[in-house]
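Visitor: Okay, here's the prediction I keep looking at, along with the sequence it came from:
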Amino acid sequence: MLNPYLKLNPKVFDKENVQKPTRDGFGDALVELGEKNENVVVLTADLSESTRTDGFEKKFPERFFEAGVAEQNMAAVAAGLAVSGKIPFISSYATFSPGKNWETIRTTIIYNQASVKIAGHHSGVITGPDGSTHQATEDIAIVRSWPGIQILVPCDAIEAKKATIESVKFKGPSYLRFTREKTPIITTEQTSFKPVSLFWTSEVPRAVIFATGHMIYHALLAARELEKEKIEVLVANVAQIKPLDEKTILDLVKKAGKVVTVEDHQIMGGLGGAISELLAKHSPAPMEFVGLQDTFAESGKPQELMEKYKMDHKAIISAVKKVVRR
Amino acid sequence: MEELHDDKLKKLEEIAVKTRQLIIETLVEAGSGHSAGPLGMADIFTAFYFHILNHKPDEPDWPDRDRLVLSNGHICPVRYTSMALAGYFPVSELKTLRKINSRLQGHPHRTSLPGLETTSGPLGEGISQGIGMALAAKLDNKKYHVYCIASDGEQEEGNTWEAIMFAAKYKVNNLTLVIDRNNIQIDGFTENIMPLESLKAKYEAFNWEVLEVDGNNIRAFVDAIRQARAVFEKPTVIIAHTIPGKGVDFMENDFNWHGKSPNLEEAKIALKELRTLQGKIVSEHQ
């Protein structure tokens, strides 16, 4: 059942549940941060409206910089601002930033210890009709090996706002991952932001599902179906992939024994990679990985893609059934 | 910036020769590193650290200091040497360059050594970072000026032109760019590898103010900086024509010395030449 202590949205499974893209939460947070802290500045690379920096742009034009279609310059200008006392957010599609400008970020932000907040949008196959060029499915993998970076992947628009505000408290560079498509609201304003939260509990779990981003909704759908078949599971929302909350994850694995990871990302190098590295070191456990299986996706409606590439709740159910047999 | 009187100029020229000697000694000790660029830029770095910059070597984090951003990090031996001579750290520390546990990384790392403004080496990223610092100064109503030194080879990087467009758009007039136009890069002469000319016309077309100067003439360079600071409506670039390997005859204008250090025998010859040069400066001003 839904964890009663977290004040999650009771209507999460209702057909009329509100849906919003996580990028909206990011945009709201920027305006709020801009009001509270005059050192917050925002840069984009010709994607202001699409990545929801336009609210900040209208309200604080003197602190907003439109870099044009030039992601390397955007990142390095932000590095210069950050070492001069500013808190810069750079915002673009994740395939371009931190994709195209990866080395620029590595040198001028990460190694340079410049506290820039990198917002990567249009993540996952859920980006849909734009096709694979615009569906960021390797972004977590390419940023996760950077020393000292914080990686936040909010599960809904409400958590996206909290994660954005949270990132400013982190002294160092952060990567924030957002989605284009509307996704169901799972948390409420009262749900506190935690790196790992147990969204679905059960008495005698046979597996724990770790999901990140919007995939938590599909994991919850799977848990509800599995409960009807008397297969109890735990579902944990991993909102922060780095630094990883190792203790909470190991405790949950100890309780459930077997593991399924779920992400809208390649199965290598992302959430599944992070958790399998942790478990291999401390507590090896049978594991299944739900995500993009070492392939590119294609254009299509989000739900069609989720189904075709085996990332929907049915795929999660199969993965759980497979892992409990192991 | 104060007037550059003749006696001060003489002192700067002597420091520049001393800088070249230390560069040779440092590179021999390191056993690897770049020779031509640092020697060619010794006059400009001397001018910056001993005349142009408003800075406090004993307080490298002073918030109002002028920023000197080195985009082409591979010429860091000259920056380290100038910093040591200016009092940022002991001259004896120069011999740790490129060695384990050293603050003097093979390419500069900002947080390893106080006084470096950026981390650099990968090319084309310095102008952008300098722009960020200059924008921060404007937002905070700070009066510090940002100087950025870039190589001619890194004009081939796309990022360079992204930054040039951006600086012109935002009229970043508290940034002055200095390009080390020494015509060489690691694989050969720039005009053979990837022609850059007319560099002046390119910058003008991108709405920058362009000055050209002999980068091995300290007085001319200081005058150019003064002229650049007087431009308010757009950013300014000084194309500084320098001789790579300047001061060491067998290194001058030879691209083979771009990316390597001298061995002990070569260093002896180089140091002998530089000692002769020092004598020449003294006699010129007597």
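Guide: Arrived safely.
Visitor: secondary structure element for the residue of the stretch 1-150 of chain A at minimum distance from chain B?
Guide: The minimum distance from the stretch 1-150 of chain A to chain B, using CB to the nearest CB, falls at A:Gly80 (2.1 Å). Bear in mind the C-beta positions are built from the backbone N, C-alpha and C, glycine included. Element membership for A:Gly80 (DSSP states H and E) is helix A:71-82.
Visitor: Against which helices or strands is that helix packed?
Guide: strand A:40-44, strand A:87-93, helix A:102-105, helix B:126-139, helix B:158-169 (3 or more CB pairs under 8 Å, 6 or more residues apart in numbering or on different chains; DSSP states H and E).
Visitor: Select, out of the ones you listed, the one closest to B:Asp249.
Guide: Nearest to B:Asp249, of all the helices and strands packed on helix A:71-82, is helix B:126-139, at 30.6 Å by CB to CB.
Visitor: and the angle for the closest one with helix A:71-82?
Guide: 40 degrees (axes from the mean of the first three to the mean of the last three CA atoms, to 10 degrees).
Visitor: and helix B:126-139, which residues are buried?
Guide: B:126-137, B:139 (16 or more other CB atoms under 10 Å in any protein chain shown).
Visitor: Identify the residue nearest the residue of the stretch 151-300 of chain A found nearest chain B in space, chain neighbours excluded?
Guide: Nearest residue of the stretch 151-300 of chain A to chain B (CB to the nearest CB) works out as A:Gly172 at 11.7 Å. Closest residue in space to A:Gly172, ignoring its immediate chain neighbours: A:Gly148 at 5.1 Å, by CB to CB, 6 or more residues apart in numbering or on different chains.
Visitor: For that neighbour, report the pLDDT, please.
Guide: We have a pLDDT of 98 for A:Gly148.
Visitor: for it, what are its contacts?
Guide: Listed by CB atoms under 8 Å, 6 or more residues apart in numbering or on different chains, the contact partners of A:Gly148 are A:110, A:113, A:172-173.
Visitor: run the last query once more with 7 Å
Guide: A:110, A:172-173 (CB atoms under 7 Å, 6 or more residues apart in numbering or on different chains).
Visitor: Select, out of the helices and strands packed on helix A:71-82, the one closest to B:Ser120.
Guide: Across the helices and strands packed on helix A:71-82, closest to B:Ser120 is helix B:126-139 (CB to CB), at 5.8 Å.
Visitor: how far away is B:His107 from chain A?
Guide: Separation of B:His107 from chain A (CB to the nearest CB, to the nearest Å): 9 Å.
Visitor: how many neighbours does A:Pro147 have?
Guide: A:Pro147: 9 surrounding residues under other CB atoms under 10 Å in any protein chain shown.
Visitor: now B:Thr81
Guide: 27.
Visitor: Go ahead and confirm it touches B:Leu94.
Guide: Yes. Counting by CB atoms under 7 Å, B:Thr81 does reach B:Leu94; the two are 6.3 Å apart.
Visitor: Find the residues that touch each one of those two.
Guide: Joint contacts of B:Thr81 and B:Leu94 (CB under 7 Å, 6+ apart) are B:22, B:26.
Visitor: Which positions in chain B make contact with chain A?
Guide: B:109-111, B:118-119, B:122, B:125, B:128-133, B:135-136, B:139, B:159, B:162-163, B:165-166 (CB under 7 Å from any CB of the partner chain).
Visitor: which residues are there in chain A that come within reach of chain B?
Guide: Going by CB under 7 Å from any CB, the residues of chain A near chain B are A:63, A:67-68, A:70, A:72-73, A:76-81, A:84-86, A:103-104, A:107-108, A:111-113.
Visitor: Give me the ChimeraX select line for those, limited to the buried ones.
Guide: Entered in ChimeraX, the line below selects the buried ones among the residues of chain A next to chain B, by 16+ other CB under 10 Å:
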select /A:63,67,70,72,73,76,77,78,79,80,81,84,86,104,107,108,111,112,113
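Visitor: Where do the helices of the stretch 101-250 of chain B begin and end?
Guide: B:126-139, B:158-169, B:190-193, B:199-205, B:218-229 (DSSP state H, counting those that start in this stretch).
Visitor: What are the buried residues along the third one?
Guide: Taking 16+ other CB under 10 Å as the basis for neighbour counts, the residues of helix B:190-193 that come out buried are B:Thr190.
Visitor: what do you get for stretch A:264-275?
Guide: A:264-275.
Visitor: Take these and write them to a markdown table, including secondary structure.
Guide: Below are these laid out as a markdown table (DSSP: H, G, I helix; E, B strand; the rest coil):
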| residue | secondary structure |
| --- | --- |
| A:Asp264 | strand |
| A:His265 | strand |
| A:Gln266 | strand |
| A:Ile267 | coil |
| A:Met268 | coil |
| A:Gly269 | coil |
| A:Gly270 | coil |
| A:Leu271 | helix |
| A:Gly272 | helix |
| A:Gly273 | helix |
| A:Ala274 | helix |
| A:Ile275 | helix |
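Visitor: ok, which stretches of the chain are strands?
Guide: Picking chain A for this. With DSSP state E as the criterion, chain A has strands at A:19-20, A:40-44, A:64-66, A:87-93, A:117-121, A:150-152, A:174-177, A:183-184, A:196-200, A:207-211, A:233-238, A:240-242, A:259-266, A:287-292.
Visitor: wait, I meant chain B there
Guide: B:67-70, B:146-151, B:175-181, B:184-185, B:188-189, B:209-214, B:236-241.
Visitor: Can I get the ones you listed in TSV including mean pLDDT and mean neighbour count?
Guide: Shown next, in TSV, are the strands of chain B (pLDDT from 0 to 100; neighbours: other CB atoms under 10 Å in any protein chain shown):
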stretch	mean pLDDT	mean neighbour count
strand B:67-70	98	25
strand B:146-151	98	26
strand B:175-181	98	26
strand B:184-185	96	26
strand B:188-189	96	13
strand B:209-214	98	18
strand B:236-241	98	23
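Visitor: which one of the ones you listed lies closest to B:Asp254?
Guide: Of the strands of chain B, nearest to B:Asp254 by CB to CB is strand B:184-185, at 7.9 Å.
Visitor: Report the separation between whichever residue of chain B sits closest to chain A and A:Lys100.
Guide: Of all residues in chain B, B:Gly132 sits closest to chain A, at 2.1 Å by CB to the nearest CB. Per CB to CB, to the nearest Å, B:Gly132 is found 19 Å from A:Lys100.
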